[in-house]
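Participant: Kindly generate the corresponding structure for this input.
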Amino acid sequence: MKRSGPLKRKKALAPGKPLGHGKKRKPLKARSPKRQAQYDKYNPEREQFLKENPVCQIDGCDRESTDVHHMKKRNGVRLLDKSKWMAACRLCNSRAEDYPEWAFENGYKLHVNRKSATPLPHQTKPSEFGQTPSALDDSPTIPDDLELGHDTPGLA
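Facilitator: Numbering: from 1, shown residues only. Below is the predicted model:
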């Protein structure tokens, strides 16, 4: 529907009176009390995990770990599931989040509804099974003939 002209107020604003009739809104809470309780447990465990794993666990990277990479989503009880945590530097964590097909292919991201019977790449040594860590994950591989439309960047 087209307007015939500019919008006009039915009543003029009183001078000095703000929009919204002077009512101040309460700011939104950053987190719900339930989520805040989870973070109160998570933060100390995260700090301890990073102290125990000071080096990035992404293959080919030897930078200091600054982030906890969650290989499955962080919602609910998964936030505190240490079996799906990896210590990562900021660059590698961003790469795993920004390029999910690369992360799935290399075992740095897992499907939420699948249960892995094989060890995760950072939990095994490559020679332990005679395979490389990327061959141990249960995520599907991308066919070579599939054109992704972009190249996955290398580690800097």
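Participant: Just the buried residues of the helix or strand harbouring Arg95, please?
Facilitator: Under the assignment given by DSSP states H and E, the secondary-structure element containing Arg95 is helix 90-98. For helix 90-98, a neighbour-count test (16 or more other C-beta atoms under 10 Å) marks 91-93, 95-96 as buried. Every residue, glycine included, has its C-beta placed from N, CA and C.
Participant: And the average pLDDT for that helix is what?
Facilitator: Across helix 90-98, the average pLDDT comes to 94.
Participant: how many other residues sit next to Val77?
Facilitator: The burial metric for Val77, expressed as a neighbour count using other C-beta atoms under 10 Å, is 7.
Participant: and it, helix, strand or coil?
Facilitator: Remark: Val77 carries the secondary structure label helix [criterion: DSSP: H, G, I helix; E, B strand; the rest coil].
Participant: just the one 10 residues further on next, same as before
Facilitator: Three states are possible here, and by three-state DSSP the one that applies to Ala87 is strand.
Participant: ok, so what distance separates it from Asp62?
Facilitator: Relative to Asp62, Ala87 is positioned 12 Å away (C-beta to C-beta, to the nearest Å).
Participant: And the strands in this protein?
Facilitator: Assigned strands in the chain, in chain order: 67-70, 85-88 (criterion: DSSP state E).
Participant: which residues are in contact with the helix ranked longest in the chain?
Facilitator: Across the chain, the helix with the greatest residue count (assigned by DSSP state H) is helix 33-52. Contacting residues not belonging to helix 33-52 are listed as 31, 65-66, 68, 79-80, 82, 85, 87 [C-beta atoms under 8 Å, 6 or more residues apart in numbering].
Participant: which of those are buried?
Facilitator: In terms of neighbour count (16+ other C-beta under 10 Å), the buried residues within the contacts of helix 33-52 are 65, 68, 79, 85, 87.
Participant: And the furthest pair within the residues you listed?
Facilitator: The largest distance within these, taken as C-beta to C-beta, falls between Ser65 and Leu79 and amounts to 18.1 Å.
Participant: how about CSV for the strands of the chain, with distance to Gln48 added?
Facilitator: As requested, these are exported to CSV (distance: least, C-beta to C-beta, whole Å):
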stretch, distance to Gln48
strand 67-70, 11
strand 85-88, 11
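Participant: Which one of those strands lies nearest to Ile58?
Facilitator: strand 85-88 (5.7 Å).
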